[in-house]
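K.L.:
Sharing a model prediction with you, sequence too.
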Amino acid sequence: MSFYKRALTRTAAILLIVIIVVIAAVGVGLYSYMTPPSSTISTSTSTSGAQMPLVVDLKGSPDTLDPLMAFSGEGEEINGNVFLAPLYYNNSATEFFPILARSWTVSPDGCTFTFNWRNDVYYSNGDPFNAYVVWFGVYRAIFTQVGLAYLAGLVFNSTGVTLSDVNSLNNSMNAPSSSLLSVMQNPNSAVTVLNSTATRFNLTHPCFASNFLGIMAAGYMFLFPDPFFIEQHGGVVADQAPSYFTIHGSDVGDGPYVVQTYIPDEYAVLVANPHYWAQNLTSSDPSYNYFTRPARIQKVILNFKTDEMTRALDIESNRAQIGIIQFPDVKNVLAGDSNLYVPNWGPSGTVEFIGLDSLKAPLDNVLVRRAIIDAINLTLIQQSVFNGYSMPVVGPALHGFFGYNESITPPPYNPGEARILLAEAGYPNGTGLRPLTFLLVSGSFLLNAAQIIAQELAQVGITVNIQIATEASQIAIAQSCCGNATGYPDLQTAGTTFYPDMFGTASIIDMQLMGWFFFDNATIDSLIAEYSYTYNQTLRAQLVSQVTLMVQQQAPVIWLSQDVDVPQTGNGVGPVVFNSCLVSDLVGNPYYWVFQGIPYTSVHWVCSPTSTTS
């Protein structure tokens with residue numbers, strides 16, 4: 001989510017539930033699972049390269065390595081390799097791989113979920129994962145209330161449990177005392193422990209039942225660090241992020257990797273979990289899949305390098321074997337070294353856009369907003385700025401994900417129509433329009449797009465002044481309230497990685513859900529609410545189309561591009577370039593990798609690069 005990550009105002013954070021909620025076909029009874037045949041899970045490893053470390057250049061440093069609250073793509077990628085969620089997406093938004101969970105059922109009203117957990121999961125330090133850990137993890141989120149931990153406060157309530165109760169789970173067996181067990185077993189609590197391998201989740205009303213499994217698949221409060229590890233490093237503190245994770249990360253996890261070293265703003269080192277619980281799973285086990293597979297590359301060095309030229313030079317010289325390269329530079333980098341390529345990830349969950357501040361004149365006039373969009377040649381921008389790693393899109397849904405309506409197309413480039421709309425709005429040839437401010441983050445590849453847009457808008461009489469700000473400044477501006485505030489930009493570039501349904505993109509159409517621009521529409525909000533509480537997939541698809549058309553008609557956003565071949569860690573920058581001695585098994589299916597970044601268990605050597613940084 002990078003500098004495109006969401007503003008951390010309380011209102012925005014509370015409502016971030018609809019940013020990550022995802023569609024889940026829910027019915028009474030046990031879910032069925034889709035597990036890939038064992039032949040599709042490659043276990044091959046080059047003998048020459050098996051022990052070589054992998055060096056990766058990321059575009060920035062994680063905001064935190066606490067899986068409960070990491071917003072950045074870098075933080076999510078590291079956490080996704082160290083901790084495992086209860087389940088992950090499989091092939092679609094309605095099918096899931098079981099991971100930590102064995103099975104789950106849902107009540108007829110859709111507000112009570114019962115999960116049965118594996119009894120053979122251990123952390124890398126030997127501490128067991130169990131139902132008590134799940135209870136602890138959810139209540140840690142409820143009491144922490146920082147960042148995405150606000151999600152827990154929306155889905156659950158904390159009645160009947162105290163912070164002292166949570167912190168009393170403090171032993172290496174992750175076993176409660178008799179008094180704490182009675183608290184955990186309260187049938188009216190948000191999470192009820194049924195036994196050591198089963199919990200019941202009691203959602204608030206109206207509940208987000210149709211999206212609950214997707215919330216789990218997204219991770220966050222359902223990535224469960226070891227409670228004993230947390231208690232040894234400061235415990236759970238009300239309304240406060242744990243400093244230990246921010247500074248050190250965790251060398252204790254239940255995933256295929258653990259953090260060996262973490263130096264914020266410099267680098268992190270992941271090493272294969274030496275006591276990985278899933279290393280002996282067979283293809284007959286429902287949890288045997290891409291995400292539980294043991295690491296084939298034993299050491300991954302992640303460098304946090306904000307300078308684009310440095311990343312390009314590193315991968316060209318083989319100082320790194322994976323690097324994030326800006327869109328405008330990709331062709332030159334690939335042309336300069338035949339040993340480099342971009343994996344065919346396919347359409348991503350990342351969208352690049354420009355927000356129009358619809359609360360402030362003259363952009364509070366829909367005719368002016370439509371004129372701006374008609375005056376911009378999006379095809380030119382996609383070809384010249386994104387270098388072909390993009391596709392036209394009409395949000396809020398995205399190509400390849402549930403509900404996208406291919407028959408709804410972007411408005412064509414039509415400067416003549418733009419002039420007509422401006423005249424209808426009372427600004428013939430732009431007369432009377434004040435200059436518009438256009439904010440970009442310093443170093444953004446979208447500066448070229450902004451310059452093209454400024455030139456094209458000038459042709460219809462609209463003057464645009466480009467302003468450059470640091471990432472921190474843009475986030476501070478985004479947190480300011482509101483769009484009509486002094487100094488708030490008229491246009492600003494942004495983008496984010498979404499989850500595979502319309503609610504992954506709901507932030508684009510509601511002023512309270514994202515700070516990059518301001519647009520709120522009661523009708524659209526009601527359609528989103530209807531979508532959230534129905535399991536009827538045909539109706540959901542119809543609602544996606546309705547909202548898409550309404551957003552297009554109201555024109556609060558310029559949809560620049562849906563990125564192609566861009567995992568989440570490349571969000572807002574460009575594709576992830578690989579050395580040809582590396583391959584990934586997870587290509588062409590965004591449901592596999594878009595949420596937590598690249599799972600490094602999917603990457604393996606097929607030959608030995610000419611030189612390797614150790």
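P.N.:
On my side now, so go ahead.
K.L.:
In stretch 89-100, which residues are buried?
P.N.:
For stretch 89-100, a neighbour-count test (16 or more other CB atoms under 10 Å) marks Tyr89, Asn90, Ala93, Thr94, Glu95, Phe96, Phe97, Pro98, Ile99, Leu100 as buried. All C-beta spots, glycine's among them, are computed from the backbone N, C-alpha and C.
K.L.:
Let me know the helix or strand that the fourth one is in.
P.N.:
Under the criterion of DSSP states H and E, Thr94 resides in strand 92-98.
K.L.:
in stretch 272-283, what's buried?
P.N.:
Ala272, Asn273, Tyr276, Trp277, Ala278, Leu281.
K.L.:
How many neighbouring residues does the nearest residue to the second one once chain neighbours are set aside have?
P.N.:
The shortest distance from Asn273 to any residue that is not its chain neighbour, by CB to CB, 6 or more residues apart in numbering, is 4.8 Å, and that residue is Ser124. When counting by other CB atoms under 10 Å, one arrives at 23 neighbours for Ser124.
K.L.:
Also Val566?
P.N.:
Val566 is flanked by 31 other residues according to other CB under 10 Å.
K.L.:
Repeat that for Ala423.
P.N.:
Going by other CB under 10 Å, the residues that sit close to Ala423 add up to 16.
K.L.:
residues contacting it?
P.N.:
For Ala423, the residues meeting the contact criterion (CB atoms under 8 Å, 6 or more residues apart in numbering) are Asn429.
K.L.:
following the helix or strand harbouring it, which helix or strand shows up next?
P.N.:
Secondary-structure assignment from DSSP H and E places Ala423 in helix 415-424. If you walk from helix 415-424 toward the C-terminus, the next helix or strand you reach (DSSP H and E) is strand 436-441.
K.L.:
now the end-to-end length of stretch 395-406.
P.N.:
From the first residue to the last, stretch 395-406 extends over 11 Å; the measure is CA to CA, to the nearest Å.
K.L.:
pLDDT of that stretch, averaged?
P.N.:
Per-residue pLDDT over stretch 395-406 has a mean of 86.
K.L.:
what comes up buried for that stretch?
P.N.:
Residues Gly395, Pro396, Ala397, Leu398, His399, Gly400, Phe401, Phe402, Gly403, Tyr404 are the ones in stretch 395-406 that count as buried (16+ other CB under 10 Å).
K.L.:
Those in strands, which ones?
P.N.:
Here DSSP state E is the test, and the buried residues of stretch 395-406 give no hits in strands at all.
K.L.:
In contact with the residue nearest to Asn273: list those residues for me.
P.N.:
Ser124 makes contact with Asp251, Val252, Gly253, Asp254, Val258, Asn273, Pro274, His275, Tyr276, according to CB under 8 Å, 6+ apart.
K.L.:
tell me which element the first one falls in.
P.N.:
When you say that, I think you mean Asp251. Here Asp251, judged by DSSP H and E, is contained in no helix and no strand.
K.L.:
ok so, going back, output whatever helix or strand comes next after the strand holding Thr94 as PDB, nothing but the C-alphas.
P.N.:
Scanning forward in sequence from strand 92-98 by DSSP H and E, the next helix or strand is strand 101-106. The C-alpha trace of strand 101-106 is given here as PDB (Å, rounded to 0.1, in the frame of the first residue of the first chain):
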ATOM      1  CA  ALA A 101      -8.000 -24.000  10.200                       C
ATOM      2  CA  ARG A 102      -9.200 -27.500   9.500                       C
ATOM      3  CA  SER A 103     -12.800 -26.600   8.800                       C
ATOM      4  CA  TRP A 104     -15.400 -24.000   9.600                       C
ATOM      5  CA  THR A 105     -19.200 -23.700   9.800                       C
ATOM      6  CA  VAL A 106     -21.600 -20.700   9.900                       C
END
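K.L.:
which secondary structure elements does the helix or strand that strand 101-106 is followed by contact?
P.N.:
Going down the chain from strand 101-106, the next helix or strand is strand 112-117, by DSSP H and E. In terms of contacts (3 or more CB pairs under 8 Å, 6 or more residues apart in numbering; DSSP states H and E), strand 112-117 is packed against strand 101-106, helix 131-144, strand 198-202.
K.L.:
Quick check: which of the ones you listed is nearest to Leu436?
P.N.:
For those, distance to Leu436 was read as CB to CB. The smallest value, 40.3 Å, belongs to helix 131-144.
K.L.:
got the CA coordinates for the closest one in PDB?
P.N.:
What follows is helix 131-144 as a C-alpha-only set of coordinates in PDB (Å, rounded to 0.1, in the frame of the first residue of the first chain):
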ATOM      1  CA  ALA A 131      -7.600 -21.900  20.200                       C
ATOM      2  CA  TYR A 132      -6.300 -19.900  23.100                       C
ATOM      3  CA  VAL A 133      -3.800 -18.200  20.800                       C
ATOM      4  CA  VAL A 134      -6.700 -17.200  18.500                       C
ATOM      5  CA  TRP A 135      -8.700 -15.800  21.400                       C
ATOM      6  CA  PHE A 136      -5.600 -13.800  22.500                       C
ATOM      7  CA  GLY A 137      -4.900 -12.500  19.000                       C
ATOM      8  CA  VAL A 138      -8.400 -11.100  18.500                       C
ATOM      9  CA  TYR A 139      -8.600  -9.500  21.900                       C
ATOM     10  CA  ARG A 140      -5.100  -8.000  21.300                       C
ATOM     11  CA  ALA A 141      -6.500  -6.300  18.300                       C
ATOM     12  CA  ILE A 142      -9.600  -5.100  20.200                       C
ATOM     13  CA  PHE A 143      -7.500  -3.500  22.900                       C
ATOM     14  CA  THR A 144      -4.700  -2.200  20.800                       C
END
